[in-house]
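Engineer: Sequence unavailable; structure follows:
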């Protein structure tokens with residue numbers, strides 16, 4: 001389980017690093033947009049991301 005968690009974290013870091021590496025101007029625009037959002041909007045985006053990840057994880061566990 002520990003190796004799986006570390007693999008997931010490593011993949012997340014690789015994917016999150018691709019945008020600033022290959023499109024730094026786009027990353028800057030997105031970051032500036034995020035800083036202009038209200039706290040509630042940011043929390044809603046975070047909640048949506050967590051729920052999408054949980055559903056995806058559940059589907060992967062059910063299908064395997």
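Structural biologist: Received, thanks. These numbers were taken from a predicted model, which means no experiment stands behind them.

Engineer: which strands and helices sit next to the one helix or strand residue 3 maps to?
Structural biologist: For residue 3, the element it lies in under DSSP states H and E is helix 2-22. For helix 2-22, the packing partners by 3 or more C-beta pairs under 8 Å, 6 or more residues apart in numbering; DSSP states H and E come out as helix 24-36. C-beta: built from backbone N, CA, C; applies to glycine.

Engineer: angle of the following helix or strand past the helix it packs on against helix 2-22?
Structural biologist: Once the chain leaves helix 24-36, the next helix or strand it forms, by DSSP H and E, is helix 39-63. Compare the direction of helix 39-63 with that of helix 2-22 by axes from the mean of the first three to the mean of the last three C-alpha atoms, to 10 degrees and you get 130 degrees.

Engineer: coming back round to it: in the helix holding residue 3, what counts as buried?
Structural biologist: Buried residues in helix 2-22, counting neighbours by 16 or more other C-beta atoms under 10 Å, are absent.

Engineer: Off-centre distance for that helix?
Structural biologist: 10 Å (C-alpha atoms, centre = their mean, to the nearest Å).

Engineer: how big is the angle separating that helix from helix 24-36?
Structural biologist: Using the same axes, to 10 degrees: helix 2-22 against helix 24-36 is 110 degrees.

Engineer: Run through who's touching helix 2-22.
Structural biologist: The contact list for helix 2-22 (C-beta atoms under 8 Å, 6 or more residues apart in numbering) reads 26, 27, 30.

Engineer: Show the contacting residues for the last one.
Structural biologist: For residue 30, the residues meeting the contact criterion (C-beta under 8 Å, 6+ apart) are residue 19.

Engineer: try it again with 10 Å
Structural biologist: By C-beta atoms under 10 Å, 6 or more residues apart in numbering, the contact list for residue 30 reads 19, 20, 23.

Engineer: What pLDDT does the model give the first one?
Structural biologist: Among the per-residue scores, residue 19 shows a pLDDT of 90.

Engineer: okay if I get the contacts of helix 2-22 as a markdown table plus pLDDT and distance to residue 63?
Structural biologist: Shown next, in a markdown table, are those (pLDDT from 0 to 100; distance: C-beta to C-beta, whole Å):
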| residue | pLDDT | distance to residue 63 |
| --- | --- | --- |
| 26 | 94 | 33 |
| 27 | 93 | 33 |
| 30 | 91 | 32 |
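
Engineer: Nothing else from me, thank you.
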